[in-house]
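Visitor: below are the sequence and a predicted model for it; my questions follow.
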Amino acid sequence: MDIQSVQQLVMENKRNKGFNITDVPLELCLLQGEVGEFFQAWRRQQADTGEELADIAIYVFGLAGIIGVDLQEEVHRKIHKNAGRRYERRNGVPVRIAEADAVASPSG
């Protein structure tokens, strides 16, 4: 299943169940709660860690749908952009030192 299909399924479920489809600040707050639930599950090594991580992804897909962003295109573009960046370690931390010369569209 591709990202666009998942994004459409998430928005369809939100509409069908009467969940938020317009309020971005509310959705961000709900996403923050899911991040906290994931952290607790991961920290406690619970069996539902993957499910909690999936909840985070679902909220991100929903946010993209609410604001009309094609998340599949944006993810592809960002991966390509990140691949062209150069980093060096400073005090053990990767620090970006250069951007790619030209960032082409992933489809072009």
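Guide: In hand now; what should we look at? Only a predicted model underlies this, so the values are computations on that prediction, with no experimental measurement involved.
Visitor: all helices in the chain, in order from the N-terminus.
Guide: 3-17, 24-43, 49-67, 71-83 (DSSP state H).
Visitor: for the first one, buried residues please.
Guide: Neighbour-count burial for helix 3-17, counted by 16 or more other Cβ atoms under 10 Å, picks out 3, 6, 7, 10, 11, 14. (Each C-beta comes from the backbone N, C-alpha and C, glycine too.)
Visitor: that older thread, pipe the helices of the chain into a markdown table and attach mean pLDDT and distance to residue 94 per row.
Guide: Below are those laid out as a markdown table (pLDDT from 0 to 100; distance: least, Cβ to Cβ, whole Å):
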| stretch | mean pLDDT | distance to residue 94 |
| --- | --- | --- |
| helix 3-17 | 98 | 26 |
| helix 24-43 | 98 | 23 |
| helix 49-67 | 98 | 23 |
| helix 71-83 | 96 | 12 |
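Visitor: quick one, what contacts the residue nearest the centre of the chain?
Guide: Closest to where the C-alpha atoms of the chain average out (Cα atoms, centre = their mean) is residue 60, at 4.9 Å. Residue 60 sits next to 31, 71 when contact means Cβ atoms under 8 Å, 6 or more residues apart in numbering.
Visitor: distance check, it against residue 10.
Guide: Distance, residue 60 to residue 10, by Cβ to Cβ, to the nearest Å: 9 Å.
Visitor: tell me the one of the buried residues of helix 3-17 nearest residue 79?
Guide: residue 3 (11.6 Å; Cβ to Cβ).
Visitor: got a list of what the closest one touches?
Guide: 61, 71, 72, 75.
Visitor: what's the local residue count around the nearest residue in space to residue 100 that is not next to it in sequence?
Guide: Take residue 100 and drop its neighbours on the chain: the residue closest to it by Cβ to Cβ, 6 or more residues apart in numbering is residue 84, 2.3 Å away. Other residues within reach of residue 84, judged by other Cβ atoms under 10 Å, total 13.
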